[in-house]
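Asks: Need a 3D model of the following:
(one chain, ligands or ions: 1)
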Amino acid sequence: MVEIVQKNNPVLRQKATEVNVSELTSPRIRQVLADMKKALASQEDGVALAAPQIGIPLRIFIVAGFALAEELQESKDRPDDLVFINPVITKLSKDKAELEEGCLSVRNFYGKTLRSTKAIVRAYNEKGKIFQRGGSGLLAQIFQHETDHLDGILFIDHAKDVREADTIK
Ligand code: ZN
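Replies: Model (predicted):
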């Protein structure tokens, strides 16, 4: 099993390093992606995962296929996870909303974060191709949460009303 590191692990506070463009489709990165997918699939409530969360300080995150399906209002079951290597947010809406947020590395804690309601990310995919993806709602929130991970930021750094799951009515 691939372990998901928890909030006191220093790897979560590091600024993650970009993947060298010549390495995008290398066996090493393919292994990292396979491990990330395995770790995410092991979490029932997981919608996305950043590489530092499995102890690897590289600028990569993945988004679960079902989160995308929800966003696209598709009925297709379990589409593939979407891979973002060296992601950069190229656009954030001025319009923001306070949203409920949690994190697989801050187990059982939830809080309210202020996030742009729309975001666009540019990244490389697992085939080494550059692409752009826009999202609103949950997907926009994921883009912001995951790029924060790559800069060593956790949602509890800026969330309001942080509380343990047990205390939710
Ligand atoms: Zn997280």
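
Asks: show me what contacts the residue most central in space within the chain?
Replies: Centroid-nearest residue in the chain, with CA atoms, centre = their mean: Glu146, separated by 3.3 Å. Glu146 sits next to 48-50, 61, 63, 84, 87 when contact means CB atoms under 8 Å, 6 or more residues apart in numbering. (Each C-beta comes from the backbone N, C-alpha and C, glycine too.)

Asks: element containing it?
Replies: Using DSSP states H and E, Glu146 sits in helix 138-150.

Asks: Just the CA coordinates for that helix, please, in CSV.
Replies: In CSV, the C-alpha atoms belonging to helix 138-150 read as follows (Å, rounded to 0.1, in the frame of the first residue of the first chain):
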residue,chain,number,x,y,z
LEU,A,138,-15.6,21.4,-7.1
LEU,A,139,-13.0,21.2,-9.9
ALA,A,140,-11.9,24.8,-9.5
GLN,A,141,-11.6,24.2,-5.7
ILE,A,142,-9.5,21.1,-6.4
PHE,A,143,-7.2,23.0,-8.7
GLN,A,144,-6.5,25.6,-6.0
HIS,A,145,-6.2,23.0,-3.2
GLU,A,146,-3.7,20.9,-5.1
THR,A,147,-1.5,23.7,-6.4
ASP,A,148,-1.3,24.9,-2.8
HIS,A,149,0.1,21.5,-1.9
LEU,A,150,2.9,22.0,-4.4
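
Asks: List the neighbouring strands of the strand or helix carrying Ala123 plus their orientation.
Replies: For Ala123, the host element (DSSP H and E) is strand 118-124. Using DSSP bridges, the strands paired with strand 118-124 in its sheet are strand 82-92 (antiparallel), strand 130-136 (antiparallel).
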